[in-house]
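*Asks:* My questions concern the predicted model and sequence given below.
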Amino acid sequence: MKNRDLANTLAIFKREFLSYFNSPVLYVIVVIFLLAAMGFAFFFGRFLDSDNASLTQAFFFWHPWIYIVLAPAVGMRMWSEEHRLGTFELLMTMPLSPWQAIIGKFVASALVWAIGLALTFSIVITVSWLGDPDPGPIMTGYTASYLYALGCLAVTSAASAYTRSQVVCFIVSVALCLTLTLIGFPGIVDTVVRTLPSSFETVIRFVSYLSFMDHFYEMSKGILVIRDVLYFLSVIVIALVVTNMGLRSKRA
Amino acid sequence: MIQVQNLRKVFGSKVAVDDVSFTVEKGQVLGFLGPNGAGKSTSMRMVTGYFRPTAGSIKVGGIDMLEEPELAKRSLGYLPENAPLYSDMTVASFLGFCAEMRGLNGAAKAKAIDRVLDLCFLHKVRNQSVDTLSKGYRHRTCFAQSIIHDPEVLILDEPTDGLDPNQKHEIRNLIKHMGETKAIIFSTHILEEVEAACTRAMIIDRGKVIADGTPAQLKKLVPGCNTLDEVFRSITRSDLEK
């Protein structure tokens, strides 16, 4: 039985992974991602002027903003395309559990993103050639950045389970990812704390603690705390559970 | 092979399927007849495990569909209405994916693909993208998917919809031929098809079974009617009537 579970998940994963490469959308998104990641680092992050052999401020700092738009663009077809084509019905009458399909699809999108992120390797070469960077923050920076992307992809997976329209899924996912990012953005949190009566501060701090940003900052600075990794893993698990609920509602 | 008892499905306040029971044994072909919106597709979707019934029980190959869906679905092949396919795949890779989902790999997979390509006359389009297929080919590709694991139970939702007369004839013969060794349920609007391929037929209207029997029995159901067509029209209500 266990073998069969794995075989099902693998078959879904393989089909999904290959289908990303059959569509031009992925190539466009990866190119935009690389242009944006490098463009922000060199022009807005002033990577070369900062005279600092660290990627944290110049490079990783911008990733959340890029993911908010691009992760939904990669993941929006995950389930909405199945609903639109009607293949969802076909899939759900095959001998597999919805979880095998959900995980297979999510892992496929995660691997696609791993490839995209790995293609930014040139900036690591640049910084190593120009200076003498500390490898620790680079590793945690990549981990934080990747976990952020996975969080956004999982949110997109949940949104796509509820709609057959990729456009609706994209807009809803971007809105959700943006919200999850902004509720922890230091500038915004501080303003809200100052404006509202001080009794609200605990609530606001708690809400901001639920944000992607809060956990991303800590990690990107080079402090790999299990708590933050667990935070992103729980976001992924919750989003996939919501995906499962969405898929079940389509079959009721 | 298929045992359905007191099946009921309610969407909101609308009762789509109301107290439907039937059994289909190996070697039987059951035809589902009925006006659009009568509950044919909904019934089939419940038998295949796609929809969860509001009440009732479903057994496929002796296994309870509601309690062990993954096990029950193994012996089942399904052709949904409108023949959905992954548009970014070729015919062969789509069938390969379906074979893998059915636990076929390596040589067994290649053999299964060749077998269904033969049965459904798909060799010509083997490596063609699903997106560029004509309706007849799309339908046959999805049909091929449903029989790739040589299932004991076959459920076909309007398998001849949108095909030309030659293709209809081929599919009908295929159903009849496979009906000798499998338990088959198929729905259709074409009444001659019932006479040509079914051993038994059920007429469903507004979620209820209103007639059940061999095609010959159904024809004699209403005095004064000599064809299935006349019987069908006299016992089902058109949705054009107020």
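*Replies:* That came through fine. Numbers count the residues shown, from 1 in each chain, chains lettered A, B, ... in the order given.
*Asks:* And the residue nearest the centre of the chain?
*Replies:* No chain in the question, so chain A it is. Nearest to the mean C-alpha position of chain A, counting by CA atoms, centre = their mean, stands A:Ala149 at 2.0 Å.
*Asks:* wrong one, chain B
*Replies:* Note on chain B: the residue nearest the mean C-alpha position is B:Leu156, at 1.5 Å, using CA atoms, centre = their mean.
*Asks:* quick one, what contacts A:Ile123?
*Replies:* When contacts are counted by CB atoms under 8 Å, 6 or more residues apart in numbering or on different chains, A:Ile123 touches A:Ala37, A:Met38, A:Ala41, A:Phe47, A:Leu55, A:Phe59. For glycine as for every other residue, the C-beta is placed from the backbone atoms N, C-alpha and C.
*Asks:* Can you give me the neighbour number for the closest residue to B:Asn127 other than its chain neighbours?
*Replies:* Leaving out its chain neighbours, the residue that sits closest to B:Asn127 by CB to CB, 6 or more residues apart in numbering or on different chains is B:Thr90, at 5.2 Å. If you count neighbours by other CB atoms under 10 Å in any protein chain shown, B:Thr90 ends up with 20.
*Asks:* Contact partners for B:Thr90?
*Replies:* B:Thr90 makes contacts with B:Arg126, B:Asn127, B:Gln128, B:Ser129, B:Val130, as judged by CB under 8 Å, 6+ apart.
*Asks:* Going through these, which ones are buried?
*Replies:* With neighbours counted by 16 or more other CB atoms under 10 Å in any protein chain shown, the contacts of B:Thr90 contain buried members at B:Val130.
*Asks:* now, which of the contacts of B:Thr90 sits nearest A:Glu81?
*Replies:* When those are ranked by distance to A:Glu81 (CB to CB), B:Val130 comes first, at 13.4 Å.
*Asks:* what sits against that closest one?
*Replies:* B:Leu85, B:Tyr86, B:Ser87, B:Asp88, B:Met89, B:Thr90, B:Val91, B:Phe94, B:Arg138, B:Thr141.
*Asks:* Which ones among the contacts of A:Ile123 lie within strands?
*Replies:* Judged by DSSP state E, those include no members of strands.
*Asks:* Closest one of those to B:Ile204?
*Replies:* A:Ala37 (58.1 Å).
*Asks:* ok but B:Gln218 is inside a strand, no?
*Replies:* Wrong residue type there; residue B:218 is Leu, not Gln. No. Under DSSP: H, G, I helix; E, B strand; the rest coil, B:Leu218 falls outside any strand and is assigned helix.
*Asks:* With chain A as the reference, measure out to it.
*Replies:* Distance from B:Leu218 to chain A, counting by CB to the nearest CB, to the nearest Å: 29 Å.
*Asks:* One more: B:Ala38?
*Replies:* B:Ala38 is 19 Å from chain A, by CB to the nearest CB.
*Asks:* what about the nearest residue to that residue once chain neighbours are set aside, which helix or strand?
*Replies:* Nearest non-adjacent residue to B:Ala38, counting by CB to CB, 6+ apart: B:Ile204, 4.7 Å away. For B:Ile204, the element it lies in under DSSP states H and E is strand B:200-205.
*Asks:* Give me the helices and strands touching whatever helix or strand comes next after that strand, please.
*Replies:* Counting by DSSP H and E, the next helix or strand C-terminal to strand B:200-205 is strand B:208-213. Other elements packing on strand B:208-213 under the criterion 3 or more CB pairs under 8 Å, 6 or more residues apart in numbering or on different chains; DSSP states H and E are strand B:14-24, strand B:200-205, helix B:228-235.
*Asks:* got a list of contacts for the longest one?
*Replies:* The set of residues external to strand B:14-24 that reach it, using CB under 8 Å, 6+ apart, is B:1-10, B:30, B:39, B:42-43, B:46, B:53, B:56, B:153, B:183-185, B:200, B:202, B:204, B:206-209, B:212.
*Asks:* could you flag which of the residues you listed are buried?
*Replies:* Buried subset of the contacts of strand B:14-24 (neighbour count, 16+ other CB under 10 Å): B:1-4, B:7-9, B:30, B:39, B:42-43, B:46, B:53, B:56, B:153, B:183-185, B:200, B:202, B:204, B:206-207, B:209, B:212.
*Asks:* Leaving out chain neighbours, which residue sits closest to the residue of chain B found nearest chain A?
*Replies:* Closest to chain A within chain B is B:Pro84: 3.2 Å, counting by CB to the nearest CB. Nearest residue to B:Pro84, sequence neighbours excluded (CB to CB, 6+ apart): A:Gly86, at 3.2 Å.
*Asks:* got a pLDDT number for the one you found?
*Replies:* If you check A:Gly86, the pLDDT there is 92.
*Asks:* ok, it - how many residues close by?
*Replies:* Neighbour count of A:Gly86, defined by other CB under 10 Å: 17.
*Asks:* is it true that it touches B:Leu79?
*Replies:* No. Using CB atoms under 8 Å, A:Gly86 is not in contact with B:Leu79; the gap is 11.5 Å.
*Asks:* Whichever residue of the stretch 151-252 of chain A sits closest to chain B: how many residues sit nearby?
*Replies:* Shortest the stretch 151-252 of chain A-to-chain B distance, computed as CB to the nearest CB: residue-wise this is A:Arg251, at 5.8 Å. A:Arg251 has 14 neighbours, counted by other CB under 10 Å.
*Asks:* Need the phi and psi values for it.
*Replies:* With angles defined as degrees, to the nearest 10, A:Arg251 sits at phi -100, psi 10.
*Asks:* what do you get for B:Glu152?
*Replies:* Taking degrees, to the nearest 10, you get phi -80, psi -20 for the backbone angles of B:Glu152.
*Asks:* now it, nearest residue through space, not along the chain?
*Replies:* B:Glu152's closest residue in space is B:Ser75 (CB to CB, 6+ apart), at 4.7 Å.
*Asks:* Tally up the residues packed near the one you found, please.
*Replies:* If you count neighbours by other CB under 10 Å, B:Ser75 ends up with 21.
*Asks:* Equivalent analysis for A:Phe60, please.
*Replies:* Using other CB under 10 Å: A:Phe60 sits among 26 other residues.
*Asks:* ditto for A:Gly136
*Replies:* Neighbourhood size, A:Gly136 [other CB under 10 Å]: 11.
*Asks:* how would you label it: helix, strand or coil?
*Replies:* Per three-state DSSP, A:Gly136 ends up helix.
*Asks:* Now do the strand or helix carrying A:Leu70: which elements does it pack against?
*Replies:* Element membership of A:Leu70 [criterion: DSSP H and E] is helix A:63-75. If contacts are counted by 3+ CB pairs under 8 Å, 6+ apart, helix A:63-75 sits against helix A:24-39, helix A:98-118, helix A:135-162, helix A:166-182, helix A:212-220.
*Asks:* Could you export whichever helix or strand comes after that helix as PDB, CA atoms only?
*Replies:* Downstream of helix A:63-75, the first helix or strand assigned by DSSP H and E is helix A:77-85. Output of helix A:77-85 as PDB, limited to C-alpha atoms (Å, rounded to 0.1, in the frame of the first residue of the first chain):
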ATOM      1  CA  ARG A  77      -3.000  26.800 -12.800                       C
ATOM      2  CA  MET A  78      -2.500  24.200 -10.100                       C
ATOM      3  CA  TRP A  79      -6.100  23.300  -9.500                       C
ATOM      4  CA  SER A  80      -8.100  25.900 -11.400                       C
ATOM      5  CA  GLU A  81      -6.900  24.400 -14.700                       C
ATOM      6  CA  GLU A  82      -8.100  20.900 -13.500                       C
ATOM      7  CA  HIS A  83     -11.500  22.400 -12.700                       C
ATOM      8  CA  ARG A  84     -11.700  24.300 -16.000                       C
ATOM      9  CA  LEU A  85     -10.700  21.300 -18.200                       C
END
